[in-house]
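Colleague: Provided below are the primary sequence and the corresponding predicted coordinates.
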Amino acid sequence: MTKFSFINYKILFVMLQYHGISTFRPPTFSHRGSPSTSCFASSIDQESLLSIDSSPLEKVVSHFQDPIRHTVLPFPWDNYDDSVVFFQRATSTRIQGLEQLKTTCQLWEREFVDDLSGMECKHNDNLAAIRPTSTIQRIFETSPTTMVVQWNITYIAPTVQWLPNVAAICGWTLDPRPYNDQSGQVKTFSYKAMLTLFWDAIVTQKLRIPLACIEGTTVCEISKNSQIVSITEDLAYAQDLQRGVLQNRLCGQDLQSFLETVRRPVDKSREAWQEHVANSLPWSTVPGLTDPLAIEPMNEEEEQVVPTLFLGTN
């Protein structure tokens, strides 16, 4: 192993021990020819971890205060070559240069807070339960010069950011749950599902809050002088979409909004970038994603229950 990869590998493993490993569905990644490895974090000698200097550990942990930035640049700045290249595979987008990447990540962080993270749900005392969370799932090497970081980021989906305020009005506790494990299930809008959601909240006094979960892998290529010279990002949903197995409309919406909002190059307008994203992946293969009128019909009994529940009438 190179000096860089071995030290940071151990540092991030220590961080996993203290902050917990994600329990979400492990994404299925194809490393484009890279061989698999048995070099899991759990195989590192525990005693050797105690000798790691604390200062670099603090530098790595600080990246987690910015959930979007750490999905692109998880290591301290001085481990990246000034001319490092970031390649986003789903949109075939390339960003070159560390300073340009820093500037771009700052833009993404601001737009994530403004557009995706749901932080405007300020009326709920349980807001901490739905704060955006970034998690390193696994770190391993496929060669002495290649390090792979698998991560996820969870946040309240934009389409349901009104739910926490409803919970606050009704006095319900928030019950945040990611749904990425249902990416292969056909999900269109359903009044029956909404009915069940609120009926369960009335009975349990807990309102389930759907959490978007974007899973990705970052492949870092390391030069002979122990500097990261290239970063290649794959997103699990994008791979599922390209294989034709992404069937959940919500998961498709999450991928689309993530790419449009926090993977937009600084030199692209919102309109131009949305068009680019629309042409980059086969979105039409996801049932109901491109048809906003796709609604699962209710039977007669369900149609009678809806006004009773929501309007209090018979």
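Modeller: Great, that's in hand.

Colleague: check contacts around residue 77.
Modeller: Applying Cβ atoms under 8 Å, 6 or more residues apart in numbering to residue 77 gives the contacts 98, 102. C-betas here are computed from N, CA, C, even on glycine.

Colleague: ok, 6 Å please
Modeller: The contact partners of residue 77, taken as Cβ atoms under 6 Å, 6 or more residues apart in numbering, number zero.

Colleague: for the stretch 201-314 of the chain, what spans make up the strands?
Modeller: Per DSSP state E, counting those that start in this stretch, the stretch 201-314 of the chain carries strands over the ranges 206-222, 228-235, 295-296.

Colleague: hey, which of those strands is tucked in deepest?
Modeller: strand 206-222 (a mean of 22; mean count of other Cβ atoms under 10 Å).

Colleague: quick one: mean pLDDT for that strand?
Modeller: Average pLDDT, strand 206-222: 93.

Colleague: parallel or antiparallel, list what pairs with that strand.
Modeller: Strand 206-222 has the following strand partners under DSSP bridges: strand 146-156 (antiparallel), strand 173-178 (parallel), strand 228-235 (antiparallel).

Colleague: CA atoms of that strand as CSV?
Modeller: The C-alpha coordinates for strand 206-222 follow below in CSV (Å, rounded to 0.1, in the frame of the first residue of the first chain):
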residue,chain,number,x,y,z
LYS,A,206,-45.6,8.6,14.8
LEU,A,207,-45.5,10.0,11.3
ARG,A,208,-43.2,8.1,8.9
ILE,A,209,-41.0,10.5,7.0
PRO,A,210,-39.6,9.0,3.7
LEU,A,211,-35.9,9.7,3.5
ALA,A,212,-34.1,10.0,0.1
CYS,A,213,-30.9,8.0,0.2
ILE,A,214,-28.3,8.4,-2.6
GLU,A,215,-25.6,5.8,-2.6
GLY,A,216,-22.3,6.2,-4.4
THR,A,217,-18.8,4.9,-4.9
THR,A,218,-15.8,7.1,-5.3
VAL,A,219,-12.7,5.6,-7.0
CYS,A,220,-9.5,7.4,-6.2
GLU,A,221,-6.4,6.9,-8.3
ILE,A,222,-3.2,7.7,-6.5
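
Colleague: could you find the closest non-adjacent residue to residue 280?
Modeller: residue 91 (4.7 Å; Cβ to Cβ, 6 or more residues apart in numbering).

Colleague: quick check: which of the strands of the stretch 201-314 of the chain is nearest to residue 162?
Modeller: strand 206-222 (10.6 Å; Cβ to Cβ).

Colleague: make a markdown table out of the strands paired with strand 206-222 and add mean pLDDT.
Modeller: Formatted as a markdown table, those follow (pLDDT from 0 to 100):
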| stretch | mean pLDDT |
| --- | --- |
| strand 146-156 | 90 |
| strand 173-178 | 89 |
| strand 228-235 | 96 |
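
Colleague: quick one, which of those is nearest to residue 100?
Modeller: Of all these, it is strand 228-235 that lies closest to residue 100, at 12.5 Å by Cβ to Cβ.

Colleague: and residue 214, how close does it get to residue 175?
Modeller: Here the criterion is Cβ to Cβ, to the nearest Å. By it, residue 214 lies 21 Å from residue 175.

Colleague: hmm, back to that, three-state assignment of the residue nearest to residue 280?
Modeller: coil (DSSP: H, G, I helix; E, B strand; the rest coil).

Colleague: could I get the strands paired with strand 206-222 as JSON lines with distance to residue 274?
Modeller: Listed next are the strands paired with strand 206-222 as JSON lines, based on distance: least, Cβ to Cβ, whole Å:
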{"stretch": "strand 146-156", "distance to residue 274": "20"}
{"stretch": "strand 173-178", "distance to residue 274": "25"}
{"stretch": "strand 228-235", "distance to residue 274": "17"}
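
Colleague: nearest residue to residue 263 other than its sequence neighbours?
Modeller: residue 88 (5.6 Å).

Colleague: tell me how many other residues surround that neighbour.
Modeller: Applying other Cβ atoms under 10 Å, we find 21 residues neighbouring residue 88.

Colleague: and for residue 279?
Modeller: Quick note: residue 279 (other Cβ under 10 Å) scores 9 neighbours.

Colleague: tell me which stretches of the stretch 101-250 of the chain form helices.
Modeller: 163-170, 191-204, 236-243, 249-262 (DSSP state H, counting those that start in this stretch).

Colleague: could you give the angle of the second one to helix 163-170?
Modeller: Between helix 191-204 and helix 163-170, the angle comes out at 40 degrees (axes from the mean of the first three to the mean of the last three Cα atoms, to 10 degrees).
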